[in-house]
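Novice: Using only what follows, build the 3D model:
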Amino acid sequence: MTAGLLALSLVASFVVLLGALLDWFGWLASVDDSAFRGFRVSLLFLELALVVSAAVALRLFEFPLLVFVVAASTWFFLSDLASGCTSCPGLTIGGGLLWFFHDGDWEWILVAIAGLLYVAVGDRLLRSSWVVLGGWGILQAAAHFAAKWSEECTPWRSRRSTSSRSCSRALSTRAVKAGRATRGPRPSFSPSRAGCSC
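Specialist: Sure thing, here's the model as predicted:
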């Protein structure tokens, strides 16, 4: 019990020493504002030092009060980290969606719809990180379907069947139409305007 209390006081003393060193060098951020306002590297460093030193002390001394210090300091560190990160909520939600929905076609359709919603919400809230994450989700869904459809329709197979020929014809027709759509309307050309006297 005494060793655990001494370990707890050692953890607190270590973090205070690190804070004093940061303040002495002029690297410690102002602590007058709210703890969850903005991204301050020096305070995050102190919080992480508290988490690590308390975890090491817990491993060595197995004192129950150190469990509380590890849990509380970890929560405080993660909350402070998330408050300074504008894309953390989007990453959390999108990561959860990709974790649960990535097996079948309908799930990838849901990921694409969620990507479109991300783009709409990001545009409305002026959050560029949400728009980028939405575009990434749409790209992942498109990659899934492109890989699936390319396995079904490969014109370069060794045995050429009528289905692969019709598939290659359909793919090449789609590629030509997509190229024409991006190019826009064709300008009209007449030989008389070009200076030809034919």
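
Novice: Leaving aside the residues adjacent along the chain, what's closest to residue 97?
Specialist: residue 114 (5.4 Å; C-beta to C-beta, 6 or more residues apart in numbering). Using the backbone N, CA and C atoms, a C-beta is placed for each residue, glycine as well.

Novice: list the contacts for that neighbour?
Specialist: Residue 114 makes contact with 94, 97, 134, 137, according to C-beta atoms under 8 Å, 6 or more residues apart in numbering.

Novice: and these, which two are the farthest apart?
Specialist: 97 and 134 (10.9 Å; C-beta to C-beta).

Novice: Looking at those two, which is more packed in?
Specialist: Just comparing residue 97 and residue 134: by other C-beta atoms under 10 Å the higher neighbour count belongs to residue 134, 24 against 17.

Novice: can you list the domains in this structure?
Specialist: What automatic domain parsing lists as the domains of the chain is 2-83, 88-175.

Novice: so where's this protein uncertain?
Specialist: 31-39, 83-87, 151-198 (pLDDT under 70).

Novice: what comes up buried for stretch 127-141?
Specialist: Within stretch 127-141, the residues scored as buried using 16 or more other C-beta atoms under 10 Å are 127, 129-131, 133-134, 137-138, 140-141.

Novice: So which of the residues you listed sit within helices?
Specialist: 129-131, 133-134, 137-138, 140-141 (DSSP state H).

Novice: Max pairwise distance over the residues you listed: which two?
Specialist: Among these, 129 and 141 lie farthest apart (C-beta to C-beta), at 19.0 Å.

Novice: helix, strand or coil for residue 29?
Specialist: coil (DSSP: H, G, I helix; E, B strand; the rest coil).

Novice: State the distance from it to residue 19.
Specialist: Using C-beta to C-beta, to the nearest Å, residue 29 is found at 11 Å from residue 19.
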